[in-house]
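Student: Could you look at this predicted model? Sequence included:
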Amino acid sequence: MSGKLRRTSLADMPELPHDLQARLRDMGIPTVEILAGSLPEEIASKTDMPLNRAQDLVRSAKQTIGIGGFKTHAELEKEIKPRLGTGIDCIDDYLGGGFESGSVIELRGPQWAGKTLMCSHLAVMAQFMETNDGSIPKVVWYDAHGTYRQRRIKEIAFRMRRDPERTVQNIVLVEVLRKGVMEASLETMRRLLARSHVALVIIDSLSAALKYLETPSTLTGYVGHLSRLAQTTGVSFVITSRTPIGISRTAGQEYDRSGTLSSVVNYEFNLHVKGEGERGILMTDFPTVSDNKCKLYIGYGGFFGDRGSRNLEARRVQRYLRRNET
């Protein structure tokens with residue numbers, strides 16, 4: 001895998017006849033990466049093919065994009081995954097430059113801890129990632145709380161030396177306001193991931209979105225599907241929650257509360273309020289199972305790692321806001 005986000009056409013799998021490619025596209029599976037992250041059971045039921053044939057297709061798709069199987073150390077070293085930074089030094093230093101693309105990231109904490117603000121940072125920084133055609137990646141934001149703030153995005157974008165207007169235009173906002181939206185969003189999301197270079201999908205928050213799921217058991221399959229899509233497409237998924245969310249470990253199991261999202265996430269960040277304008281964050285990197293703590297300061301332009309940079313940047317961001325709000 002190169003250091004850029006990419007999409008592979010179904011035509012690159014010669015074993016797929018044209019009519020089957022058309023049927024897969026009709027069901028929202030237009031690329032090899034999406035096919036590799038799909039359930040064989042879903043493919044079999046919607047195309048009337050035998051289950052073992054659908055299983056072979058998914059397995060072949062994974063091989064086409066280099067997922068699964070045995071790899072030498074030299075081959076692994078050549079795989080350069082793009083990094084999704086936060087723009088906050090103490091976090092990015094701990095992460096070695098940022099989150100690996102294709103990760104599932106959980107942001108957890110009480111109300112006002114800064115989960116949505118951290119999402120805003122990631123929504124801006126995702127647009128720095130490279131794509132094969134040089135286009136700016138898009139971000140899909142599912143807002144189940146009504147807490148998305150365009151002004152906050154513009155503040156952070158200006159601070160990071162990006163065009164604020166173009167930055168907000170590259171965010172696709174989906175308001176989650178009724179039952180069925182989350183389930184229906186999977187097919188829409190797959191089409192969008194294939195049609196556009198999407199680098200990041202934000203679900204803010206899963207706690208609030210739970211009430212819009214048709215049945216609680218849907219949660220297991222939904223999160224499991226996100227995890228597979230992350231692995232095969234290189235798109236990162238950010239999920240926020242106030243408390244640990246119960247979920248069965250394996251997609252397809254009956255829903256229970258014996259496990260939590262930690263069973264499927266790659267990174268877990270716990271945020272908490274330390275004082276006015278101050279937040280603490282405990283970061284857990286599950287690939288290395290290590291913890292690290294960091295203190296953050298809130299100001300115009302988002303989170304900062306120290307008061308000095310906050311005060312300096314805040315004045316610059318305030319001047320931008322005054323110029324553009326008069």
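Tutor: Arrived safely, thanks for sending.
Student: Break the protein into its domains for me.
Tutor: As given by automatic domain parsing, the domain ranges for the chain are 1-80, 83-324.
Student: In a markdown table, list those along with mean pLDDT and mean neighbour count.
Tutor: Using the backbone N, CA and C atoms, a C-beta is placed for each residue, glycine as well. Below are the domains of the chain laid out as a markdown table (pLDDT from 0 to 100; neighbours: other C-beta atoms under 10 Å):
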| stretch | mean pLDDT | mean neighbour count |
| --- | --- | --- |
| domain 1-80 | 77 | 16 |
| domain 83-324 | 82 | 18 |
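Student: Ala11 and Ala22 touch, don't they?
Tutor: No: with contact defined as C-beta atoms under 8 Å, Ala11 does not reach Ala22; the gap is 11.4 Å.
Student: which residue packs closest to Asp306, ignoring adjacent ones?
Tutor: Leaving aside its sequence neighbours, Asp306 sits nearest to Tyr297 (C-beta to C-beta, 6 or more residues apart in numbering; 6.8 Å).
Student: tell me the secondary structure for that neighbour?
Tutor: strand (DSSP: H, G, I helix; E, B strand; the rest coil).
Student: show me what contacts it?
Tutor: Gly277, Glu278, Arg279, Phe303, Phe304, Gly305, Asp306, Arg307, Arg310 (C-beta atoms under 8 Å, 6 or more residues apart in numbering).
Student: Glu41 contacts Asn52, doesn't it?
Tutor: No: at 11.5 Å, Glu41 does not count as touching Asn52 under the criterion of C-beta under 8 Å.
Student: intersection of neighbour lists for those two?
Tutor: Counting by C-beta under 8 Å, 6+ apart, nothing touches both Glu41 and Asn52.
Student: What residues are bridge-paired with Leu200?
Tutor: Val139, Ser236 (DSSP bridges).
Student: Distance-wise, check the residue most central in space within the chain relative to Phe99.
Tutor: The residue lying closest to the centre of the chain (C-alpha atoms, centre = their mean) is Phe237, at 1.7 Å. Look at Phe237 and Phe99: by C-beta to C-beta, to the nearest Å, they are 10 Å apart.
Student: who touches both of those two?
Tutor: Ile105.
Student: Tell me which stretches of the stretch 151-300 of the chain form helices.
Tutor: 164-169, 181-195, 206-209, 218-233 (DSSP state H, counting those that start in this stretch).
Student: Of the contacts of Tyr297, which belong to strands?
Tutor: Per DSSP state E, strands hold the following members of the contacts of Tyr297: Glu278, Arg279, Phe303, Phe304.
Student: which residues sit in contact with the last one?
Tutor: This means Phe304. Contact partners of Phe304, counting by C-beta under 8 Å, 6+ apart, are Ile88, Leu296, Tyr297, Ile298, Arg310, Glu313.
Student: can you check the third one too?
Tutor: Counting by C-beta under 8 Å, 6+ apart, Phe303 touches Thr86, Ile88, Gly114, Leu117, Met118, His121, Arg279, Leu296, Tyr297.
Student: try it again with 7 Å
Tutor: Counting by C-beta atoms under 7 Å, 6 or more residues apart in numbering, Phe303 makes contact with Ile88, Gly114, Leu117, Met118, His121, Leu296.
Student: who does the strand or helix carrying the third one touch, helix- and strand-wise?
Tutor: Looking back up the chat, that one is Leu117. Assessed by DSSP states H and E, Leu117 sits inside helix 115-125. Contact analysis of helix 115-125 by 3 or more C-beta pairs under 7 Å, 6 or more residues apart in numbering; DSSP states H and E lists strand 104-108, helix 150-159, strand 198-204, strand 236-241, strand 302-304 as its packing neighbours.
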